[in-house]
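Engineer: structure of the sequence below:
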Amino acid sequence: MTNALKYSTADQLVAISLRLEGAEAYLQVRDQAPGLTVEQHTHIWERYRRVQGVAVHDKTRGAGGSLGLGLYISRTIVEQHGGRVSVESRVGTGSTFWFALPLS
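Structural biologist: Next comes the predicted model:
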């Protein structure tokens, strides 16, 4: 959520949804920020990785000073709880980050 708000302008919608899918809880955060290239998809989950050249719009949430660890830590926590995490994004159309966790 923080990243979606950080990279979206104040007039852009950030939508959060939660639903049950079989034996999993599925949460997604969809934004209208600039979006990511296919190459960026594969690297954003790495430690200390930040997407260069994307403007930060919300400077109140620790933006600009981040270390590029947020997505790495999030993915690690979700996977250690038996879940999955991913992103769907294209340049110019925003991004949808999601994770699924087992209900048991």
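Engineer: from the chain's centroid, how far away is the strand ranked longest in the chain?
Structural biologist: Longest strand in the chain by number of residues, with DSSP state E as the criterion: strand 94-102. Its chain's average C-alpha position is 7 Å from that of strand 94-102, according to Cα atoms, centre = their mean, to the nearest Å.
Engineer: and it, what's buried?
Structural biologist: Buried positions in strand 94-102, judged by neighbour count with 16 or more other Cβ atoms under 10 Å: 94-97, 99-101. Yep, even glycine has a C-beta here, placed from its N, CA and C like the rest.
Engineer: just the C-alpha atoms of it, please, in PDB.
Structural biologist: Written as PDB, here are the backbone C-alpha positions of strand 94-102 (Å, rounded to 0.1, in the frame of the first residue of the first chain):
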ATOM      1  CA  GLY A  94      -0.300   1.100 -13.300                       C
ATOM      2  CA  SER A  95       0.400  -2.000 -11.300                       C
ATOM      3  CA  THR A  96      -1.400  -4.600  -9.300                       C
ATOM      4  CA  PHE A  97       0.600  -6.200  -6.500                       C
ATOM      5  CA  TRP A  98      -0.900  -9.200  -4.800                       C
ATOM      6  CA  PHE A  99      -0.300 -11.900  -2.300                       C
ATOM      7  CA  ALA A 100      -2.100 -15.000  -1.300                       C
ATOM      8  CA  LEU A 101      -1.800 -16.800   2.100                       C
ATOM      9  CA  PRO A 102      -3.200 -20.200   3.100                       C
END
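Engineer: good, wrapping up.
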